[in-house]
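Engineer: Build the 3D model from these lines:
(chains A and B)
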Amino acid sequence: MTTVLQFGPVLVHLDRLLWGLMKTLEYAFLSVAFGTMIGILGAVGRGFGPRWLSVIIAAYVELIRNTPLLIQLYIVYFSLPLIGMKFTPGTSAVIALSIHLGAYATEIIRAGVESIPVGQIEAAKSLGLSPYRIVRHIVLVPAVRAVYPSLSAQFILQLMGTSIVGAIAAEELTAVANNLVMQTFRSFEVFIVVAVIYFVVVQAASLLLAGLGRLMFRWKQ
Amino acid sequence: MRVISKLGSLGAMLGALVLCAAASFVAPASAQTVDEIISRGKLIVAIDTTTPPYGFLDKDLKPTGFDIEVAQKMGEALGVPVEFVTVTSPGRIPSLLTKQVDAVISIFSITPQRAIQIDYSIPYAGQSAVVIAPKSAQIKGPEDLVGKKVGLTRGTGEDGLLTAAAEKHPGIEILRFDDYSSLLQAMVSGQIDAMGGGDYGEIYLKKAQNGDDFEQKYILKTFYFGIGVAKDNHNLRQWINTWLFTLKGDGTLEDLSMKYRNQPLPVLPVF
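Structural biologist: Residues are numbered from 1 along each chain as shown, chains lettered A, B, ... in the order given. Next up, the predicted model:
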């Protein structure tokens, strides 16, 4: 059997695929922004907060890191409405993705926080810096800088992880691709085109994150 | 040299054996007339066991369902046991073209495209693609879906029908799910206002906690299932039509529909 690849019937729908790509980027960007915020708060809370807060954060991290993202999506979209919290597929996707990334970001940033020598914090205290300035400038910035490569790798995983939100009817690149497959029956061609789009975008995002890192943390060692 | 020629003749013999086996494997199994089926002593029917409630496996892994019971009744009427050949939906026409089976009874929707290659009996069952929604919702047609979230399973018949409706009536928001269980879950949890599905969809919804709150609103399209036979097998097709006529008359088909689909059959046209 010979398979003849015909990209024509797929490429006429390129506008739909690009629309899907915009949704993918939207979910990835919003969830990375919220997830990083959760991560910073979580890491600081765990490192400097009271004991009870530390326990709650640890429980959150373990709960999320030991359950699949797909199940988290289902719970946000299908189960929360039963207790009166109803969100659209798009909002549910951003909520689940943010909570998911937040747990991983908490752990990654916490590792950075723990890498800060106690002496550095004591030095800041003896210089009379306020607790806020100590946490922000003496702990967080060097901590995030130390773990920035791991953090960017997690962001990249998050970008690709958005491909499963079609399960709760949130449209993004992969969901649009599945629609196209059902319409054109050219699964091979559709998925090749989509793989190329993902590759280019993910590669670009990696370069962008590396460049951002260099820009943000450009002081001398 | 002798050894080689001996090996050669052995190879030839083996080859011939394999050919024989292959030939007997693809030899036409289907009978041309009702007489031939009866004298052969069995009826060979293609079924699909992945299409509940029409064809599926019971807890003992034996085929059961609406279609399977129709096939068994056909065997009873002919006075011969039924041999089942499991096919997938794209394998139904080839099973008749290669004469592997006498008949196909497997939610075989009657379409003019298929009728170019095979012949159909009159419909013995039908199923509608319908819109299902909560009883409280006032939905009588596509215009009532404007401004509502309508869920469906990606790539199904309902997808095509409701997408077309959404193009005609802007404002219908279509949400596509990957499988039927996610779609039902979205309906039960109130994430969608209505859904497109098969007319047996309510059976599954009723199993949910608040399942009784849903009802069928309107029919998108009705598909009719016929029994497929090989092209130009008029003898068998005529017998099947006559037999189906009696099944419709004595209420057998209606009973089967209530048993497996929990609702009466649509009106079955004849041709």
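Engineer: which ones are touching the residue in the stretch 151-271 of chain B positioned nearest to chain A?
Structural biologist: Residue of the stretch 151-271 of chain B nearest chain A, by C-beta to the nearest C-beta: B:Gly155 (3.0 Å). Glycine gets a C-beta too; all of them are placed from N, C-alpha and C. By C-beta atoms under 8 Å, 6 or more residues apart in numbering or on different chains, the contact list for B:Gly155 reads A:Asn178, A:Asn179, A:Val181, A:Met182, A:Gln183.
Engineer: now, which of the residues you listed lie within helices?
Structural biologist: The members of the contacts of B:Gly155 that map onto helices under DSSP state H are A:Asn178, A:Asn179, A:Val181, A:Met182, A:Gln183.
Engineer: which stretches of the stretch 151-271 of chain B form strands?
Structural biologist: With DSSP state E, counting those that start in this stretch, the ranges of strands along the stretch 151-271 of chain B come out as B:173-177, B:194-198, B:214-225, B:228-230.
Engineer: residues from chain A in reach of chain B?
Structural biologist: Contact residues, chain A versus chain B (C-beta under 8 Å from any C-beta of the partner chain): A:74, A:77-79, A:81-82, A:86, A:89, A:166-169, A:171, A:175, A:178-179, A:181-183.
Engineer: I'd like the next helix or strand past the helix or strand bottoming out on mean pLDDT in chain B.
Structural biologist: When the helices and strands of chain B are compared on mean pLDDT, DSSP states H and E, helix B:2-26 comes out lowest with a mean of 49. Reading on from helix B:2-26 to the C-terminus, the next helix or strand found by DSSP states H and E is helix B:34-40.
Engineer: mind saving the C-alpha coords of the helix or strand that that following helix is followed by as CSV?
Structural biologist: As assigned by DSSP H and E, the chain's next helix or strand after helix B:34-40 is strand B:43-47. C-alpha atoms of strand B:43-47 as CSV (Å, rounded to 0.1, in the frame of the first residue of the first chain):
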residue,chain,number,x,y,z
LEU,B,43,-26.4,-18.9,8.4
ILE,B,44,-23.3,-16.7,8.4
VAL,B,45,-23.8,-13.1,9.7
ALA,B,46,-21.4,-10.2,10.1
ILE,B,47,-21.8,-8.3,13.3
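Engineer: Remind me what strand B:43-47 packs against, helices and strands.
Structural biologist: With contacts defined as 3 or more C-beta pairs under 8 Å, 6 or more residues apart in numbering or on different chains; DSSP states H and E, the packing partners of strand B:43-47 are helix B:66-78, strand B:82-86, helix B:92-97, strand B:103-104.
Engineer: Which single residue of chain A approaches chain B most closely?
Structural biologist: Going by C-beta to the nearest C-beta, chain B is nearest to A:Met182 of chain A, at 3.0 Å.
Engineer: how many other residues sit next to that residue?
Structural biologist: A:Met182 has 17 neighbours, counted by other C-beta atoms under 10 Å in any protein chain shown.
Engineer: which residues sit in contact with it?
Structural biologist: By C-beta under 8 Å, 6+ apart, A:Met182 lies in contact with B:Arg154, B:Gly155, B:Asp159.
Engineer: Assess the claim that A:Thr5 and A:Glu189 are in contact.
Structural biologist: Careful, residue A:5 is Leu; it's not Thr. Yes: using C-beta atoms under 8 Å, A:Leu5 is in contact with A:Glu189, at 5.8 Å.
Engineer: These two: which is more packed in?
Structural biologist: The neighbour comparison of A:Leu5 against A:Glu189 (other C-beta under 10 Å) goes to A:Glu189, with 20 against 10.
Engineer: For the more buried one, which non-adjacent residue is closest in space?
Structural biologist: A:Val10 (4.6 Å; C-beta to C-beta, 6 or more residues apart in numbering or on different chains).
Engineer: average pLDDT across the helix or strand containing the one you found?
Structural biologist: Using DSSP H and E, A:Val10 sits in helix A:8-11. Averaged across helix A:8-11, the pLDDT comes to 84.
Engineer: repeat for stretch B:134-153
Structural biologist: On average, the pLDDT along stretch B:134-153 is 93.
Engineer: Go through that stretch and flag the buried ones.
Structural biologist: For stretch B:134-153, burial by neighbour count (16 or more other C-beta atoms under 10 Å in any protein chain shown) applies to B:Ala137, B:Ile139, B:Pro142, B:Asp144, B:Leu145, B:Lys149, B:Val150, B:Gly151, B:Leu152, B:Thr153.
Engineer: follow-up on the earlier one: list buried residues within the residues of chain A next to chain B.
Structural biologist: A:74, A:77-78, A:81, A:89, A:166-169, A:171, A:175, A:178-179, A:181-183.
Engineer: What ranges in the stretch 1-150 of chain B fall below the confidence cut-off?
Structural biologist: Applying pLDDT under 70 to the stretch 1-150 of chain B picks out residues B:1-31.
Engineer: ok and the residue in it nearest chain A?
Structural biologist: Closest point on the stretch 1-150 of chain B to chain A, by C-beta to the nearest C-beta, is B:Lys149, at 8.5 Å.
Engineer: can you tell me which residues contact that residue?
Structural biologist: Shown in contact with B:Lys149 (C-beta under 8 Å, 6+ apart): B:Glu173, B:Leu175, B:Gln191, B:Ile192, B:Asp193, B:Ala194.
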